[in-house]
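**Q** Sharing a model that was predicted from the sequence below.
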Amino acid sequence: MLSRIGPGGEKAMGFQLHTREIDRVVVVEAVGRLTLTDGHTKLRDLMHVSIGDGAKKFIFNFAQVEFIDSFGIGELARCYSVVRRAGGDAKLANVSQRVFAILALSRLDTIFDIHSSEDAALRSFAQRA
């Protein structure tokens, strides 16, 4: 994996994904930068595998996402489309102000249900059940 030196001298890691399941909801914790150079197709690949395994509900926890570029916006839009075509739903949680501004600029804030916390996103799935 490639790493860079961040502005404070710390090593900046590439984009990483960690998953876990809570009450039949797949929580995808994203870490780093969802960009062309860092993100590749990791998120899309994960979504295809998870949907193939029968998953229908997803929360993308972006608490540790530093930045999203136009490639990342496209990846999120594609993932949302794939989930919806499979009859599922995807929500965002813990989005920083910086990332939210990028989502708003691209109008993805009108597509995704965005929650202030992972717990709030989980509760919203329970309310729709």
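**A** Here it is on my side, so go on.
**Q** which one's the longest helix in this protein?
**A** In the chain, ranked by residue count with DSSP state H as the criterion, the top helix is helix 70-85.
**Q** can you list the residues that contact that one?
**A** 33-36, 39, 41, 43-44, 47-48, 51, 56, 58, 60, 68, 89-90, 102-103, 106, 108, 111-112 (CB atoms under 8 Å, 6 or more residues apart in numbering). (C-beta placed from N, C-alpha, C; glycine too.)
**Q** could you give the mean pLDDT of that helix?
**A** Average pLDDT, helix 70-85: 94.
**Q** List the buried residues in that helix.
**A** When burial is assessed from 16 or more other CB atoms under 10 Å, helix 70-85 yields the following buried residues: 71-73, 75-76, 79-80, 82-83.
**Q** Generate a ChimeraX selection restricted to the buried subset of the contacts of helix 70-85.
**A** Written as a ChimeraX command, the selection of buried residues from these, which uses 16+ other CB under 10 Å, is:
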select :33,34,35,39,43,44,47,51,56,58,60,68,89,90,102,103,106,108,111,112
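**Q** who are the neighbours in contact with residue 67?
**A** Remark: with contacts taken as CB under 8 Å, 6+ apart, residue 67 is in contact with 33-35, 98-99, 102.
**Q** can you do 6 Å?
**A** Remark: with contacts taken as CB atoms under 6 Å, 6 or more residues apart in numbering, residue 67 is in contact with residue 33.
**Q** Closest to residue 28 out of the buried residues of helix 70-85?
**A** residue 79 (9.2 Å; CB to CB).
**Q** That's all I had, so thanks and see you.
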